[in-house]
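Student: Generate coordinates for the sequence data below:
(chains A, B, C and D)
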2 protein chains.
Amino acid sequence: MNVHSNSPRVEDILQRLRRAGHRITPQRLAILRAFADSHSHPSVDMVYAAVKPNFPTTSLATVYKTVVLLKELGEVMEIGFGEGGNRYDVRVPTPHPHLVCTRCRRILDAELDALDHLTETLAQSTGFRILSHRVDFYGICPECRRKAAH
Amino acid sequence: MNVHSNSPRVEDILQRLRRAGHRITPQRLAILRAFADSHSHPSVDMVYAAVKPNFPTTSLATVYKTVVLLKELGEVMEIGFGEGGNRYDVRVPTPHPHLVCTRCRRILDAELDALDHLTETLAQSTGFRILSHRVDFYGICPECRRKAAH
DNA sequence: TTATTTTTAGATAATGATTATTAATAACAA
DNA sequence: TTGTTATTAATAATCATTATCTAAAAATAA
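Tutor: Model prediction:
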């Protein structure tokens, strides 16, 4: 397996894993790559499905355990959804707004420069110390809209 | 039981239930009142705990089924949280921002007039048809901050 | 290298919130 | 008041996630 076919992000995480004293197993490498390759905030099942063909013996539990590990290291952010399980962000593992298509289930990152200022204002007017946020917009993505108009 | 001791909001929902052909049972009335009385977006368990003293035989399943019914009628909005179950809003059952205290678990409504304009801008720049949103800010409420400073 | 120790993987059981099921009960119309 | 039918209560089922436990693999020591 070519170790040098990794994205910079994967290399980055591998270094941090090593630094924290964790082992780089073939399974972890495959899971990491599946996370990094996915462009749409995958679920555990999606990652599992992507790893399975190359590592048929991989257990779902291993994927879950790797997710826990990556969360602890701050390299993956969990986005909780009631139905159908959580989704994950390895590319930008800090809170940021998302656009969620309720038809095809895709999740895209949204640019919202105004958010920081908004948070500041809200903190001042309420007395809350705001530490994090969850900002998601639900709707129909351009592709699904096009399909719907057949 | 005094039927006239209901808040306007409870009366309102009772009317809609009747109009939709649903029966007004003592359990439903008690659950509705528990929802309306709670000022902090209760969980199913909180409602169950509030109903239990007056109706010791009430089942948790009945609370869940009433929640489903009220959701279908649009009289209750579910706010999904991964850990510790969902929370509900009977007072303002349409999407709006919340302030969530991660220490005492309280949930407060937030005023954010800028949100509509923001949504509009985002819809135009991305091509999404935005239908709903989830905007929550997590942090420490003023009371918990005061307590922490002992 | 070989032995020893520790981490990790894999399989599967357990958990916990929610839902589905089903027999018994009660709301409401006639 | 009675009959029809929705609703209740109890409990089993579900499903994503977590915990457990044993075997395999890798790191470390000898």
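
Student: Give the residue farthest from the middle of chain A.
Tutor: Computed with C-alpha atoms, centre = their mean, the maximum C-alpha offset from the centroid of chain A is found at residue A:125, amounting to 32.0 Å.

Student: My assumption is that that one lies in a strand; please confirm.
Tutor: No: assigned with DSSP: H, G, I helix; E, B strand; the rest coil, residue A:125 falls outside any strand and is helix.

Student: Just list the residues touching it, thanks.
Tutor: Contacts for residue A:125 (C-beta atoms under 8 Å, 6 or more residues apart in numbering or on different chains) come out as residue B:111. In short, each C-beta sits where N, CA and C put it, glycine included.

Student: do you know how far it is from DNA strand D?
Tutor: For residue A:125, the distance to DNA strand D equals 34 Å [C-beta to the nearest atom of the strand, to the nearest Å].

Student: Same question for residue A:61.
Tutor: 4 Å.

Student: Which strand or helix spans that residue?
Tutor: Mapping residue A:61 onto the secondary structure by DSSP states H and E places it in helix A:60-72.

Student: how about that helix against DNA strand C, any contact?
Tutor: Yes: counting by C-beta under 7 Å from any atom of the strand, contacts between helix A:60-72 and DNA strand C involve A:60, A:61, A:62, A:65, A:66.

Student: Once you drop chain neighbours, what's closest to residue A:145?
Tutor: Distances taken as C-beta to C-beta, 6 or more residues apart in numbering or on different chains put residue B:129 closest to residue A:145, at 6.0 Å, once the chain neighbours are dropped.

Student: How far does the helix holding residue A:61 sit from its chain's centre?
Tutor: On the basis of C-alpha atoms, centre = their mean, to the nearest Å, helix A:60-72 sits 12 Å off its chain's mean C-alpha point.

Student: I'd like the next helix or strand past it.
Tutor: The helix or strand immediately downstream of helix A:60-72 is strand A:77-79, counting by DSSP H and E.

Student: Map the structural domains onto the sequence of chain A.
Tutor: A:3-89, A:98-148 (automatic domain parsing).

Student: Which positions in chain A make contact with DNA strand C?
Tutor: For chain A, the residues in contact with DNA strand C (C-beta under 7 Å from any atom of the strand) are A:22-23, A:25, A:27-28, A:55, A:57-62, A:65-66.

Student: so where does the spatially closest residue to residue A:131 that is not a sequence neighbour fall, helix or strand?
Tutor: Among residues not flanking residue A:131 along the chain, residue B:139 sits closest, at 4.6 Å (C-beta to C-beta, 6+ apart). Residue B:139 belongs to strand B:129-140 when assigned by DSSP H and E.

Student: Tell me which residues of that strand come out buried.
Tutor: Neighbour-count burial for strand B:129-140 flags B:130, B:133, B:134, B:135, B:136, B:137, B:138, B:139, B:140 (criterion: 16 or more other C-beta atoms under 10 Å in any protein chain shown).

Student: confidence score at the fifth one?
Tutor: For residue B:136, the pLDDT comes out at 95.
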